[in-house]
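> what shape does this take:
(2 chains)
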Amino acid sequence: MGYVRYIDRTKADYLRQGYDKSYEWAHHEDAPFSPLAKPLSACKVGLIGTSEVAVRFDPETETDPIVEEDFRGIYSIPADMPTERFYSRTASFDRNATHLDDVNAYYPIDRMREAIADGRIGSMPDRVYGAYNNYSQRKVLTQEAPKVLEYCREDGIDALIMVPV
Amino acid sequence: MSLISRYIEEHGIPTVVIGAARDIVEHCGVARFLFTDFPLGSPCGEPWNIVQQRELFQQALDLFEGAHEPMTTREAGYNWSQGDDWKRLVFTEEQPWQDEKTQAEWMARKEEYRRLKSEGNL
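Numbers count the residues shown, from 1 in each chain, chains lettered A, B, ... in the order given. The predicted structure follows:
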C-alpha cells in the first residue's frame, strides 16, 4: 500500500466535521539548502521535536526542568535528563496504531547519545529542544523559527535533527 | 516543523527532518527528509525496536553527508510490523482521529489560549 495522503485525508475530515474551509498547508516549489561545513564526526548536533516532550518531576521537591519562556513556544530540556523521565504530551498521533511509551520512537535521545559514543557525531549541546504543534504559520515564521535559530547559535550547533511527530 | 527547517537552512545550518507525513513535508519543501512509512507518533522506528531505531537514525545522519541538493527525500524502507491496516483507517469516518476525551482536552486548551489572549497575556 502506498503512503497516506494526509492533506487529502484531513481535508475530507474537516468537511465531515462541518467546516467549510480546510487547513491550508504551507507550499513551496523549492527549498533552501545548507551543506555540512565539516565532517559529522566533528559536528555539534541538535535535536528538536514537536511531540510536546516533557519531563516527569516531583512538584514537591523539584521545579519543572523545562525552560519555557513563552506560552506554547519553543522550549528546552537539559540534555543529560535520564531517558525514563521523558514523556510526550501530544494528542497528535495515531492512537489506534501506535503509542508514545518509548520516547526514542519519536524523540531519538538515546540514539543521539549512542551516535556520540560511537564517534559518528561529535557532540550535542547541553539542552535539547521542543516545539508545539502550531496551526499559525505566521507565528511559526515570525516567532518560533527565529527562536530555534537563536538556540542553535547560542549552543554553537552545526546541524539539526528535526522530528515532527 | 518543515517551516522551521527551511528557516534554519536559510540561515546556514543544515537540517534533516525525520517524519511520517510524507505529503505534508514534501508539499512544504525541506532540504533533507527521511521518510518513515509508519503511523504518526513513531517516525523514528517502532516503539522498543532499538535495532530498527538505530538503523533509521543512521540513515538520517547519512543524509547530512549524502544529500547534495534541496528536497532530497530518502525512504527508510521499513514496513509496520502489524500490517498496513492503519493506512486505510487513519482520518476516516470509520475511525475518527480523536476520541471524545482527547477532543475535549483539545477544546479546553483552545479555551485557555483564548482566555490568556483576551487578558493580554500572550
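> pull the contacting residues for the most centrally placed residue in chain A.
Closest to where the C-alpha atoms of chain A average out (C-alpha atoms, centre = their mean) is residue A:49, at 0.9 Å. Listed by C-beta atoms under 8 Å, 6 or more residues apart in numbering or on different chains, the contact set of residue A:49 reads A:106-107, A:129-131, A:162-165. The C-beta positions use only the backbone N, C-alpha and C, and glycine is treated the same way.
> what strand or helix carries residue B:101?
helix B:100-118 (DSSP states H and E).
> likewise for residue B:68?
Using DSSP H and E, no helix or strand contains residue B:68.
> what do you get for residue A:111?
Taking DSSP H and E as the criterion, the element that holds residue A:111 is helix A:109-117.
> now chain B against chain A: closest residue?
Chain B approaches chain A most closely through residue B:41 (2.9 Å), counting by C-beta to the nearest C-beta.
> state the distance from that residue to residue A:8.
20 Å (C-beta to C-beta, to the nearest Å).
> which one of the two has more residues nearby?
Of the pair residue B:41 and residue A:8, residue B:41 is the one with more neighbours under other C-beta atoms under 10 Å in any protein chain shown, namely 21 against 12.
> leaving out the residues flanking it, which one is nearest to the closest residue to chain B within chain A?
Nearest residue of chain A to chain B, counting by C-beta to the nearest C-beta: residue A:93, 2.9 Å away. Spatial nearest neighbour of residue A:93, excluding adjacent residues (C-beta to C-beta, 6 or more residues apart in numbering or on different chains): residue B:41 at 2.9 Å.
> again with residue A:56
Using C-beta to C-beta, 6+ apart and skipping residues adjacent in sequence, the residue nearest residue A:56 is residue A:85, 4.8 Å away.
> state the phi and psi torsions of that neighbour.
The phi and psi values for residue A:85, taken as degrees, to the nearest 10, are phi -90, psi -10.
> same check, this time on residue B:90
Here is the backbone geometry of residue B:90 (degrees, to the nearest 10): phi -60, psi 140.
> and for residue A:13?
The phi/psi pair for residue A:13 (degrees, to the nearest 10) is phi -70, psi -40.
> surely it and residue B:97 touch.
Yes: between residue A:13 and residue B:97 there is a contact under C-beta atoms under 8 Å: 6.3 Å.
> can you check which residues contact both of those two?
Taking C-beta under 8 Å, 6+ apart as the contact rule, residue A:13 and residue B:97 both touch residue B:91.
> thinking again about what came up before, contacts for the helix holding residue A:111 next, please.
Contacts for helix A:109-117 (C-beta under 8 Å, 6+ apart): A:45, A:47, A:79, A:83, A:86, A:103-104, A:121-124, A:128, A:161, B:44, B:50, B:53-54, B:57-58, B:61.
> same question for stretch B:4-16.
Contact with stretch B:4-16 is made by A:28, A:31-36, A:48, A:131, A:140-141, A:144-146, A:148-149, A:152, A:157-162, B:17, B:28-34, B:60-61, B:63-64, B:70, as judged by C-beta under 8 Å, 6+ apart.
> just the buried ones from the residues you listed?
Burial by neighbour count, 16 or more other C-beta atoms under 10 Å in any protein chain shown: within the contacts of stretch B:4-16 this picks out A:31-34, A:48, A:131, A:140, A:144-145, A:148-149, A:152, A:157-162, B:17, B:28-34, B:60-61, B:63-64, B:70.
> so residue A:124 touches residue A:80, yeah?
No: counting by C-beta under 8 Å, residue A:124 does not reach residue A:80; the two are 10.0 Å apart.
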